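give me the fold of what follows.
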Amino acid sequence: MVESRDKEKEKPDPRVKEDRIWALIYDHTSEKGECRYYCQDLSSRCRLDPLTFRAWDCEGRVFVNGFCCEAFLESMEHRDIYMLQYWFEPINEAIVRKKVDEWLEAIKDNSAIKGVVVVFPDSDKSSQAKEIIRKANLGLGRKIWVFTDSEWESDMVDMLVIGEPK
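All right, here's what the predicted structure looks like:
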């Protein structure tokens, strides 16, 4: 069930399924220029789909009348094959190793999920956890990717996670 939120203050994240549902329920339309993939210099106006010509200009709105941008949704299709985890807990080796075991068990039981993307709120936690996860993940193949919140916001990370892992 989607909880009610203050519509005036809400800025739904198109990467989050619950936010896309919320936007649809509340008929949300984004502000102009809100989409980070919007580019007036391209004929498509979209970095996600640069070779397409569009007769209309979305003006950088991610949501229009509750519907999420099609180009964004198409680019997100591959992201659904990853389990996304936000980490707010304290970092210590025992906790991280326990989480890694849980994640690997979860993706082992669900063959549709290719890996786990872990996002940390700050770089200190991220760098500390990256090293522990790297050690715990040795020999298992690249199944777990770690990013800070600011890295996760970057276009480069979106493309890496949307596409196949390198």
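
ranges for the helices of this protein?
17-25, 70-76, 93-109, 123-136, 149-152, 155-162 (DSSP state H).

dump those to JSON lines, plus mean pLDDT and distance to Y86.
The C-beta positions use only the backbone N, C-alpha and C, and glycine is treated the same way. Listed next are those as JSON lines, based on pLDDT from 0 to 100; distance: least, C-beta to C-beta, whole Å:
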{"stretch": "helix 17-25", "mean pLDDT": "86", "distance to Y86": "13"}
{"stretch": "helix 70-76", "mean pLDDT": "77", "distance to Y86": "17"}
{"stretch": "helix 93-109", "mean pLDDT": "82", "distance to Y86": "12"}
{"stretch": "helix 123-136", "mean pLDDT": "79", "distance to Y86": "11"}
{"stretch": "helix 149-152", "mean pLDDT": "74", "distance to Y86": "9"}
{"stretch": "helix 155-162", "mean pLDDT": "56", "distance to Y86": "14"}
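
let's have these in CSV, adding distance to C46 and mean neighbour count.
Shown next, in CSV, are the helices of the chain (distance: least, C-beta to C-beta, whole Å; neighbours: other C-beta atoms under 10 Å):
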stretch, distance to C46, mean neighbour count
helix 17-25, 18, 17
helix 70-76, 5, 16
helix 93-109, 31, 14
helix 123-136, 30, 17
helix 149-152, 20, 16
helix 155-162, 12, 15
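
which one of those lies nearest to V64?
Across these, V64 has its closest neighbour in helix 17-25 (9.6 Å, C-beta to C-beta).

and the closest one, what does it pack against?
strand 67-68 (3 or more C-beta pairs under 8 Å, 6 or more residues apart in numbering; DSSP states H and E).

distance between the strand it packs on and the chain's centre?
Put simply, strand 67-68 sits 16 Å off its chain's centre (C-alpha atoms, centre = their mean, to the nearest Å).

same thing with stretch 51-71?
Averaging C-alpha positions (C-alpha atoms, centre = their mean) puts stretch 51-71 19 Å from its chain's average.
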